[in-house]
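**Student:** Provide a 3D model corresponding to the input given below.
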Amino acid sequence: MVPCHTRRLGAQRAATLSTGGAQLTAFVAGSILGILIGILRGRAPHFDAAFVIPAEMLRPIPPLGLIPLFILWFGIGELSKILLIFTSVFLIMMVNAQAGTRSCPLDLTRAALSLGAGRGHLFRYVVLPAALPQIMTGLRVSMGTALSILVASELLGGDRGLGFIVLDASNFFRTTYVFAGIFLIGLIGLVSDRGLALLTRKVVHWEGRR
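**Tutor:** Down below sits the predicted model:
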(Lines give C-alpha, C1' and ligand atoms only; values in the text may rest on other atoms or scores of the structure.)
Protein backbone atom coordinates (compact mmCIF):
# COMPACT_ATOMS: atom_id res chain seq x y z
CA MET A 1 0.00 0.00 0.00
CA VAL A 2 1.21 3.50 -0.87
CA PRO A 3 0.99 5.90 2.10
CA CYS A 4 -1.63 8.62 1.84
CA HIS A 5 0.87 11.47 2.10
CA THR A 6 2.96 9.93 -0.72
CA ARG A 7 -0.08 9.80 -2.96
CA ARG A 8 -0.80 13.43 -2.09
CA LEU A 9 2.71 14.52 -3.03
CA GLY A 10 2.48 12.61 -6.29
CA ALA A 11 -0.84 14.29 -7.05
CA GLN A 12 0.68 17.70 -6.33
CA ARG A 13 3.58 17.06 -8.69
CA ALA A 14 1.23 15.90 -11.45
CA ALA A 15 -0.99 18.92 -10.86
CA THR A 16 2.00 21.23 -11.11
CA LEU A 17 2.98 19.76 -14.46
CA SER A 18 -0.62 20.01 -15.67
CA THR A 19 -0.84 23.63 -14.53
CA GLY A 20 2.41 24.58 -16.25
CA GLY A 21 1.48 22.77 -19.47
CA ALA A 22 -1.93 24.40 -19.77
CA GLN A 23 -0.57 27.83 -18.94
CA LEU A 24 2.34 27.57 -21.37
CA THR A 25 0.18 26.38 -24.26
CA ALA A 26 -2.34 29.19 -23.89
CA PHE A 27 0.34 31.76 -23.10
CA VAL A 28 2.41 31.07 -26.22
CA ALA A 29 -0.57 30.96 -28.59
CA GLY A 30 -2.20 34.09 -27.14
CA SER A 31 1.11 35.98 -27.14
CA ILE A 32 1.94 35.20 -30.76
CA LEU A 33 -1.49 36.10 -32.09
CA GLY A 34 -1.74 39.19 -29.86
CA ILE A 35 1.65 40.48 -31.02
CA LEU A 36 0.78 39.97 -34.67
CA ILE A 37 -2.62 41.66 -34.41
CA GLY A 38 -1.19 44.46 -32.25
CA ILE A 39 1.57 45.24 -34.75
CA LEU A 40 -0.94 45.27 -37.61
CA ARG A 41 -3.20 47.61 -35.62
CA GLY A 42 -0.28 49.89 -34.94
CA ARG A 43 0.79 50.07 -38.59
CA ALA A 44 -2.54 49.95 -40.47
CA PRO A 45 -5.28 52.42 -39.42
CA HIS A 46 -7.99 50.58 -41.36
CA PHE A 47 -7.08 47.30 -39.66
CA ASP A 48 -7.09 49.06 -36.31
CA ALA A 49 -10.58 50.47 -36.95
CA ALA A 50 -11.94 46.96 -37.52
CA PHE A 51 -10.72 45.81 -34.08
CA VAL A 52 -11.51 48.85 -31.95
CA ILE A 53 -15.12 48.02 -31.05
CA PRO A 54 -14.81 44.25 -30.32
CA ALA A 55 -11.47 44.59 -28.53
CA GLU A 56 -12.48 47.54 -26.35
CA MET A 57 -15.80 45.90 -25.43
CA LEU A 58 -14.16 42.62 -24.44
CA ARG A 59 -11.05 43.99 -22.73
CA PRO A 60 -12.75 45.68 -19.71
CA ILE A 61 -14.61 42.46 -18.78
CA PRO A 62 -12.85 40.81 -15.81
CA PRO A 63 -11.47 37.39 -16.87
CA LEU A 64 -12.83 35.80 -13.69
CA GLY A 65 -16.32 36.86 -14.74
CA LEU A 66 -15.97 34.72 -17.88
CA ILE A 67 -15.08 31.53 -16.00
CA PRO A 68 -18.70 30.31 -15.54
CA LEU A 69 -19.44 30.99 -19.22
CA PHE A 70 -16.36 29.12 -20.43
CA ILE A 71 -17.12 26.19 -18.13
CA LEU A 72 -20.68 26.12 -19.45
CA TRP A 73 -19.52 26.12 -23.06
CA PHE A 74 -16.39 23.97 -22.89
CA GLY A 75 -16.87 21.96 -19.69
CA ILE A 76 -14.66 21.42 -16.66
CA GLY A 77 -11.25 20.56 -17.96
CA GLU A 78 -8.16 21.85 -19.67
CA LEU A 79 -9.93 23.24 -22.75
CA SER A 80 -11.90 25.89 -20.87
CA LYS A 81 -8.76 26.95 -18.97
CA ILE A 82 -6.65 27.16 -22.11
CA LEU A 83 -9.24 29.22 -24.00
CA LEU A 84 -9.79 31.58 -21.07
CA ILE A 85 -6.06 32.17 -20.63
CA PHE A 86 -5.61 32.51 -24.39
CA THR A 87 -8.27 35.24 -24.55
CA SER A 88 -6.79 37.24 -21.66
CA VAL A 89 -3.19 36.97 -22.87
CA PHE A 90 -4.22 37.85 -26.42
CA LEU A 91 -5.90 41.09 -25.31
CA ILE A 92 -2.96 42.15 -23.12
CA MET A 93 -0.37 41.44 -25.80
CA MET A 94 -2.40 43.11 -28.53
CA VAL A 95 -2.61 46.38 -26.58
CA ASN A 96 1.09 46.32 -25.66
CA ALA A 97 2.24 45.45 -29.18
CA GLN A 98 0.05 48.16 -30.67
CA ALA A 99 1.33 50.78 -28.22
CA GLY A 100 4.93 49.71 -28.78
CA THR A 101 4.55 49.88 -32.54
CA ARG A 102 3.07 53.37 -32.36
CA SER A 103 5.89 54.52 -30.06
CA CYS A 104 8.37 54.29 -32.92
CA PRO A 105 9.77 57.83 -33.42
CA LEU A 106 8.68 59.40 -36.68
CA ASP A 107 12.14 60.88 -37.20
CA LEU A 108 13.70 57.41 -37.26
CA THR A 109 11.12 56.21 -39.76
CA ARG A 110 11.71 59.16 -42.06
CA ALA A 111 15.48 58.79 -41.76
CA ALA A 112 15.31 55.10 -42.68
CA LEU A 113 13.05 55.83 -45.66
CA SER A 114 15.32 58.63 -46.85
CA LEU A 115 18.23 56.18 -46.82
CA GLY A 116 16.35 53.82 -49.09
CA ALA A 117 14.98 51.28 -46.58
CA GLY A 118 12.13 49.14 -47.86
CA ARG A 119 9.12 48.06 -45.84
CA GLY A 120 10.79 44.86 -44.68
CA HIS A 121 13.96 46.58 -43.50
CA LEU A 122 11.96 49.42 -41.95
CA PHE A 123 9.94 46.97 -39.86
CA ARG A 124 12.90 44.78 -38.90
CA TYR A 125 15.42 47.46 -37.98
CA VAL A 126 13.26 50.40 -36.88
CA VAL A 127 9.67 49.50 -35.93
CA LEU A 128 10.27 46.15 -34.22
CA PRO A 129 13.18 47.34 -31.99
CA ALA A 130 11.05 50.31 -30.92
CA ALA A 131 8.12 48.04 -30.04
CA LEU A 132 10.12 45.29 -28.28
CA PRO A 133 10.37 46.94 -24.83
CA GLN A 134 6.60 47.18 -24.47
CA ILE A 135 6.10 43.75 -25.98
CA MET A 136 8.43 42.20 -23.40
CA THR A 137 6.69 44.10 -20.61
CA GLY A 138 3.38 42.76 -21.90
CA LEU A 139 4.77 39.22 -21.76
CA ARG A 140 5.58 39.58 -18.07
CA VAL A 141 2.18 41.08 -17.26
CA SER A 142 0.28 38.46 -19.25
CA MET A 143 2.26 35.62 -17.67
CA GLY A 144 1.16 36.68 -14.20
CA THR A 145 -2.39 37.15 -15.41
CA ALA A 146 -2.40 33.72 -17.02
CA LEU A 147 -1.26 32.03 -13.81
CA SER A 148 -3.85 33.90 -11.74
CA ILE A 149 -6.67 32.96 -14.11
CA LEU A 150 -5.56 29.34 -14.25
CA VAL A 151 -5.53 28.95 -10.46
CA ALA A 152 -8.84 30.83 -10.11
CA SER A 153 -10.51 28.61 -12.70
CA GLU A 154 -9.29 25.53 -10.84
CA LEU A 155 -10.63 26.95 -7.57
CA LEU A 156 -14.05 27.75 -9.00
CA GLY A 157 -14.69 24.85 -11.32
CA GLY A 158 -11.68 22.58 -11.75
CA ASP A 159 -11.25 18.90 -11.14
CA ARG A 160 -7.44 18.91 -10.88
CA GLY A 161 -4.50 21.28 -10.63
CA LEU A 162 -2.98 23.31 -7.84
CA GLY A 163 -6.08 25.44 -7.33
CA PHE A 164 -8.23 22.35 -6.93
CA ILE A 165 -5.74 20.80 -4.48
CA VAL A 166 -5.74 23.97 -2.37
CA LEU A 167 -9.54 24.08 -2.32
CA ASP A 168 -9.85 20.35 -1.58
CA ALA A 169 -7.32 20.59 1.24
CA SER A 170 -9.07 23.60 2.77
CA ASN A 171 -12.38 21.72 2.82
CA PHE A 172 -10.77 19.03 4.98
CA PHE A 173 -8.70 21.48 7.07
CA ARG A 174 -5.39 20.17 5.74
CA THR A 175 -3.46 23.37 6.36
CA THR A 176 -0.11 21.86 5.36
CA TYR A 177 -1.33 21.05 1.85
CA VAL A 178 -2.94 24.48 1.53
CA PHE A 179 0.38 26.19 2.29
CA ALA A 180 2.22 23.76 0.00
CA GLY A 181 -0.13 24.55 -2.87
CA ILE A 182 0.14 28.31 -2.30
CA PHE A 183 3.93 28.03 -2.12
CA LEU A 184 4.07 26.12 -5.41
CA ILE A 185 1.82 28.68 -7.12
CA GLY A 186 4.08 31.50 -5.92
CA LEU A 187 7.19 29.57 -6.95
CA ILE A 188 5.86 29.02 -10.47
CA GLY A 189 5.05 32.72 -10.73
CA LEU A 190 8.50 33.74 -9.44
CA VAL A 191 10.41 31.41 -11.79
CA SER A 192 8.38 32.41 -14.84
CA ASP A 193 8.73 36.14 -14.12
CA ARG A 194 12.47 35.93 -13.47
CA GLY A 195 12.89 33.91 -16.65
CA LEU A 196 11.06 36.54 -18.69
CA ALA A 197 13.01 39.33 -16.97
CA LEU A 198 16.28 37.63 -17.96
CA LEU A 199 15.01 37.16 -21.52
CA THR A 200 14.05 40.85 -21.63
CA ARG A 201 17.57 41.91 -20.66
CA LYS A 202 18.97 39.69 -23.42
CA VAL A 203 16.53 40.73 -26.15
CA VAL A 204 16.14 44.42 -25.29
CA HIS A 205 19.76 44.91 -24.22
CA TRP A 206 19.83 48.53 -25.39
CA GLU A 207 16.98 49.64 -23.11
CA GLY A 208 18.15 52.01 -20.39
CA ARG A 209 21.46 52.76 -22.13
CA ARG A 210 20.21 55.51 -24.37
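
**Student:** Just list what the one helix or strand A55 maps to packs against, helices and strands only.
**Tutor:** A55 belongs to helix 45-58 when assigned by DSSP states H and E. Helix 45-58 sits against helix 4-43, helix 78-102, with contacts defined as 3 or more Cβ pairs under 8 Å, 6 or more residues apart in numbering; DSSP states H and E. Quick note: C-beta positions are derived from backbone N, CA and C, even for glycine.

**Student:** Point out where this protein drops to low pLDDT.
**Tutor:** Within the chain, the ranges that satisfy pLDDT under 70 run 1-23, 77, 156-161, 164, 207-210.

**Student:** which residue is nearest the centroid of it?
**Tutor:** Nearest to the mean C-alpha position of the chain, counting by Cα atoms, centre = their mean, stands S142 at 3.2 Å.

**Student:** list the contacts for that residue?
**Tutor:** Going by Cβ atoms under 8 Å, 6 or more residues apart in numbering, S142 touches F27, G30, S31, G34, S88, V89, I92, M93.

**Student:** what's the neighbour count on the third one?
**Tutor:** It stands for S31. Neighbour count for S31, taken as other Cβ atoms under 10 Å: 24.

**Student:** just to revisit the earlier point, got the angle between the helix or strand where the residue nearest to the centre of the chain lies and helix 78-102?
**Tutor:** Element membership for S142 (DSSP H and E) is helix 128-157. Counting by axes from the mean of the first three to the mean of the last three Cα atoms, to 10 degrees, helix 128-157 lies at 150 degrees to helix 78-102.

**Student:** And the very next helix or strand once past helix 128-157, what's buried?
**Tutor:** For helix 128-157, the succeeding helix or strand toward the C-terminus, using DSSP H and E, is helix 162-171. By neighbour count on 16 or more other Cβ atoms under 10 Å, the buried set for helix 162-171 is L162, G163, F164, I165, V166, L167, D168, A169.

**Student:** How about stretch 122-140?
**Tutor:** Neighbour counts over stretch 122-140 (16+ other Cβ under 10 Å) mark 122-123, 126-127, 129-140 as buried.

**Student:** Go through these and say which is closest to T200.
**Tutor:** The closest of the buried residues of stretch 122-140 to T200 turns out to be M136 (Cβ to Cβ; 4.2 Å).
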